[in-house]
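S.K.: Quick one, structure for this:
(chains A, B, C and D)
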There are 2 protein chains.
Amino acid sequence: MTEHRQATVFDVAKEAGVSTATVSNVLNRRNVPLTEETIRKVEEAAAKLGYRRNVMAASLSRRRTYEFGLLLPGFGGYYGLFAQQMERTAHAYGYHLSVFSTDLDSQIEKRLLEKLLERRVDGLFCHGLAMSHDSVRRMVGDGTPILFFNCWNELKELAIGTVNLNVYQACVDAVLHLRAQGCRSFYYYGHRRAHATDEQRKAGFREGLRLLGDTYPFDMIDAGDIAPEKLPGWLAERSEGTEPAGVICFDDWKAFVCMNRLIEQGYPVPDRFKIVGINNEFIAEHSYPGMTTFNIPYEHQADISFRWMLTHLGEQAKLKTKGDAQPVRLPEPGGEVKIPLALVERLSSAKRN
Amino acid sequence: MTEHRQATVFDVAKEAGVSTATVSNVLNRRNVPLTEETIRKVEEAAAKLGYRRNVMAASLSRRRTYEFGLLLPGFGGYYGLFAQQMERTAHAYGYHLSVFSTDLDSQIEKRLLEKLLERRVDGLFCHGLAMSHDSVRRMVGDGTPILFFNCWNELKELAIGTVNLNVYQACVDAVLHLRAQGCRSFYYYGHRRAHATDEQRKAGFREGLRLLGDTYPFDMIDAGDIAPEKLPGWLAERSEGTEPAGVICFDDWKAFVCMNRLIEQGYPVPDRFKIVGINNEFIAEHSYPGMTTFNIPYEHQADISFRWMLTHLGEQAKLKTKGDAQPVRLPEPGGEVKIPLALVERLSSAKRN
DNA sequence: TTGTACGCGTTATCAG
DNA sequence: CTGATAACGCGTACAA
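M.R.: Predicted coordinates for the structure are as follows:
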């Protein structure tokens, strides 16, 4: 509490009897030659004074912050886990990550983006931007590189790249899986507020049905258009005579709502309805019945993103390939990487026995 | 991409035909008197050049970062929601919040704490420190104020204050509630890895039983000591003859596991077992049966914390009381605020009908 | 191998 | 009301 100005390189230099440049050299372990003796002296002095470098001064001087920004709609479920992994990966590459939640409000999003740029972040990761093309373009007019997640619209062109979960393929797979499990009609329970990522699912859902020869009844419904309690009735009514019916849900949370309301109203899962979610969250594994879903390779997703960003920044040095990871081939700037999701089979879509 | 050095106050000053000092004055809306004309000129110039102030330079000069750090064990469930609210509140008070996840690893925690101090954060919020007293004391030897969440041990003395969820009282209430619903034996399903906050629950659980006259059978079990599949057997065995039995769980996730395994193995909830969780998460509301739990007043919790921190920093100015919020009386430095949790009754603890 | 001196972009302090 | 100018703490050519 002793308003004791923090020690600076200058203090350390004086204490060690060397110059500030030497202190900086020692502490940053660079390629300049240094005497063992000098190193020891400096390190001792630093430890003694409790020296801690000032990131702001360093960043200012170096014209590089080693900070990235991450914009998310929120921290619940998938996003929380995603943020946690991104942070881990950021630290592994020696970066700081500032995570902001937009609450799906484009005003807030705009302000946060501005904040991030004021901090001179070296790069930006954005997940689910709600704001306009122009707005983004203007803000990023300077050279701050952006990388998008789950973006399928024209905003992609502003980015150095886009990393998309392949939910389209997941939904195709889901339809085929449900058919294989015996389903004779198919439904998609969506979440329109999620915009493009919901569209992708729908497209995959339709493609799956096409692959089945367009011979099965199907329909789609949005969470915004029906109260959870009404969902079972809606599903039961139109699937009558084509049981069992398969329901593909936007994500595990929607699947959870769907499944529990069905059970509550006396429709057995998986006998009458089979359910598939996406995300493989805690609830999918521990619910009863266990929930069939798709696993998201968070670590891979994050690693790809950082490699891409760092490559763009010319940070070859930091890209020490961890032995096991195959040196991923990144697409051209502005391209897209599709992350495949893996089906996790559980009881909610089991065959009738 | 035109490596166009960002515009600086200097550029704006030149463009507007004034000095850098004037630019700074205009852009920071301070108390110095300014001509309308000057203001207009500066603002126009700034807009034209796309000027964006450099936070690092400002912080360096001002010797104040307007940044807080938040250390969490992770982003899942409660922590994710908590982080989101803390960030919202931080922005509302004009601060930046750097959120880090320690993954419950004290090595990582140490490194992150160091990082935060290197950034010269104005204050630190820590939720669930696993590291040692000494370690913290040394790192915080300088005057960075710390505020703890859910801390009941001697570390409290290092902090300017502690904000604790009153899980003790919640567990007392839970026991009484379960008794009122007809339970004749009581069990606590804990999570030892959570240290102190688990102990608090246990203490509350015992106190509840004491209030009931210590006349009912009870027992405690830890998630670390029993596989989920074994839990129903364990509970059934010792509650035989004292049905219905009440199970108080560490949180909604544990409650979820418990409830679903019970149902899976044919024990009806709430008829044979009644379940209570803590947190009132998404799953509590949407599971079937709906889960009785305790609601956490995130916003209140965050607001108290920031008021406390800002008061400590002498930021009276920013503490514009939002009309509705009663001006909370903060305890003395080093004291503790207990946040009460509110019981949310649902089907999982309903009376036998 | 080490030291000097300047740049980084703002804010604060005065004197005008 | 406005303008020089000195911090702020660190990185880094370049000179020694």
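S.K.: In which helix or strand does the residue most central in space within chain A reside?
M.R.: Geometric centre of chain A, nearest residue: A:Phe82, 4.3 Å, by Cα atoms, centre = their mean. A:Phe82 belongs to helix A:77-92 when elements are defined using DSSP states H and E.
S.K.: ok, that helix near chain B or not?
M.R.: Yes: Helix A:77-92 comes into contact with chain B (Cβ under 8 Å from any Cβ of the partner chain), by way of A:Gly77, A:Tyr79, A:Gly80, A:Leu81, A:Ala83, A:Gln84, A:Glu87, A:Arg88, A:His91. All C-beta spots, glycine's among them, are computed from the backbone N, C-alpha and C.
S.K.: Can you tell me which helices and strands whatever helix or strand comes next after that helix packs against?
M.R.: Going down the chain from helix A:77-92, the next helix or strand is strand A:96-101, by DSSP H and E. Contact here means 3 or more Cβ pairs under 8 Å, 6 or more residues apart in numbering or on different chains; DSSP states H and E; on that basis strand A:96-101 packs against strand A:67-72, helix A:77-92, helix A:106-118, helix B:77-92, strand B:96-101.
S.K.: Residues in contact with the next helix or strand after the third one: which ones?
M.R.: By that I understand helix A:106-118. Later in the chain than helix A:106-118, the nearest helix or strand by DSSP H and E is strand A:123-127. Residues outside strand A:123-127 that contact it (Cβ atoms under 8 Å, 6 or more residues apart in numbering or on different chains): A:68-73, A:79, A:82, A:86, A:113, A:116, A:140, A:144-151, A:305, A:309, A:312-313.
S.K.: Output whichever helix or strand comes after strand A:123-127 in CSV with nothing but the alpha carbons.
M.R.: In the C-terminal direction, the helix or strand that comes right after strand A:123-127 (DSSP H and E) is helix A:133-139. Coordinates of the C-alpha atoms in helix A:133-139 are reproduced here as CSV (Å, rounded to 0.1, in the frame of the first residue of the first chain):
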residue,chain,number,x,y,z
HIS,A,133,-20.7,-4.3,-43.7
ASP,A,134,-20.0,-0.6,-43.9
SER,A,135,-19.6,-0.1,-40.3
VAL,A,136,-17.0,-2.9,-40.1
ARG,A,137,-15.2,-1.7,-43.2
ARG,A,138,-14.9,1.8,-41.8
MET,A,139,-13.7,0.7,-38.4
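S.K.: tell me which residues in the helix holding A:Phe82 are buried?
M.R.: A:77-91 (16 or more other Cβ atoms under 10 Å in any protein chain shown).
S.K.: So, low pLDDT: which residues of chain A?
M.R.: Confidence mapping of chain A against pLDDT under 70 gives the ranges A:1-4, A:29-30, A:316-328, A:353.
S.K.: before we move on, the earlier item: the residue nearest to the centre of chain A: what's it in contact with?
M.R.: A:Leu72, A:His127, A:Tyr298, A:Gln301, A:Ala302.
S.K.: hang on, isn't the fourth one packed against A:Asn164?
M.R.: No: A:Gln301 is beyond contact range of A:Asn164, at 9.6 Å (criterion: Cβ atoms under 8 Å).
S.K.: so what's in contact with those two at the same time?
M.R.: A:Phe149, A:Ile339.
S.K.: Tell me how many other residues surround the closest residue to A:Ala7 other than its chain neighbours.
M.R.: Among residues not flanking A:Ala7 along the chain, A:Leu49 sits closest, at 4.0 Å (Cβ to Cβ, 6 or more residues apart in numbering or on different chains). Residues near A:Leu49, counting by other Cβ atoms under 10 Å in any protein chain shown, number 16.
S.K.: Then the one 4 residues further on?
M.R.: A:Arg53: 18 surrounding residues under other Cβ under 10 Å.
S.K.: My read is that it contacts B:Leu117, right?
M.R.: No: using Cβ under 8 Å as the test, A:Arg53 is too far from B:Leu117 to be in contact (10.0 Å).
S.K.: For whichever residue of the stretch 1-150 of chain A sits closest to DNA strand C, give me phi and psi.
M.R.: Nearest residue of the stretch 1-150 of chain A to DNA strand C, counting by Cβ to the nearest atom of the strand: A:Pro33, 2.3 Å away. Note on A:Pro33: its backbone torsions stand at phi -70, psi 140 [degrees, to the nearest 10].
S.K.: Lovely, talk soon.
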